[in-house]
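**Q** fold the following and give me the result.
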Amino acid sequence: MEDRQDQRAQDHVLIIEDDERLAGLTRDYLEANGFRVTIEEDGARGVERILAIQPDLVILDLMLPGEDGLSICRRVRSDYPGPILMLTARTDDMDQVLGLEMGADDYVPKPVQPRVLLARMRALLRRLDAADSSADTRLAFRDLEIDNATREAWLRGDRIDLTSAEFDLLWLLASHAGRVLTREEIFSQLRGIRYDGQDRSIDVRVSRIRPKVGDDPHHPHRIKTVRSKGYLFVKDS
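**A** So this is what the prediction gives:
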């Protein structure tokens, strides 16, 4: 574990947050844990800064002056491949669902607990390294191919537009084809946290992935929901 954390010590994090005190405290905590941090307070400059800096990870506040976090996330997603961690001040899960639909990889509610934030960041960054240690880097099904080394997928030869979080979930399910993965297992693998029985983030991602891999959202044949358990990626017969 220590080797992995040391390896990530120089990762560059861009914080887009208009609360100067929160941004400063977060920067100090992350720098104390070995990260390089840049702060941007103006939402209107968020897109420009993300695309120019191309940081290893973005911490993006939902409510910003100039341009809100949802809009920023949507606009950069096709040109920024790194993880986006969204901060939300509201407990209503609609904000969290919208963030995930716009391409955010994870979210942390305010008030931010530094250790929780750090754990979520490390989980996101570890996922980017998974391809380096994966024995099987390419999976092929009837009309679907998934390459973990390039983090790309193709349906009938056409490249599928997937967010980083969507690719991670698709790869996890496909690499365990034929076995039901519980929500607890998925949360542990992808987010490094326990499933609380209420979080809908995985369900939102599955609903977005299904049509992209040629699945019928109402009668899925590739990624099936197993009631009260989780999800099953169906092997080719």
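
**Q** tell me where this structure has strands.
**A** Under the criterion DSSP state E, strands of the chain are mapped to 12-16, 36-40, 57-61, 84-88, 106-109, 138-140, 144-147, 152-155, 158-159, 180-182, 223-226, 230-233.

**Q** rank those strands by pLDDT, which is bottom?
**A** Among these, strand 106-109 carries the lowest mean pLDDT, at a mean of 87.

**Q** got a list of contacts for it?
**A** Contacts with strand 106-109, where a contact means Cβ atoms under 8 Å, 6 or more residues apart in numbering, come from 83, 85-91, 96, 99-100, 116-117, 120, 123-124, 165, 191, 201. Where you see a C-beta, it was placed from the backbone N, CA and C, and this is true even at glycine.

**Q** please apply the same query to stretch 175-192.
**A** Contacts of stretch 175-192 with the rest of the structure, by Cβ under 8 Å, 6+ apart, involve 106, 119-120, 122-123, 126-127, 136, 139, 141, 148, 165, 168-169, 172-173, 193-195, 199, 201-202, 226, 229-235.

**Q** out of those residues, which sit inside helices?
**A** 119-120, 122-123, 126-127, 165, 168-169, 172-173, 201-202 (DSSP state H).

**Q** export those residues as a markdown table, with columns for distance to Arg27 and pLDDT.
**A** Formatted as a markdown table, these follow (distance: Cβ to Cβ, whole Å; pLDDT from 0 to 100):
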| residue | distance to Arg27 | pLDDT |
| --- | --- | --- |
| Ala119 | 18 | 89 |
| Arg120 | 17 | 88 |
| Arg122 | 17 | 89 |
| Ala123 | 20 | 84 |
| Arg126 | 22 | 81 |
| Arg127 | 23 | 74 |
| Ala165 | 25 | 84 |
| Asp168 | 27 | 89 |
| Leu169 | 30 | 93 |
| Leu172 | 32 | 93 |
| Leu173 | 36 | 96 |
| Ser201 | 26 | 84 |
| Ile202 | 30 | 89 |
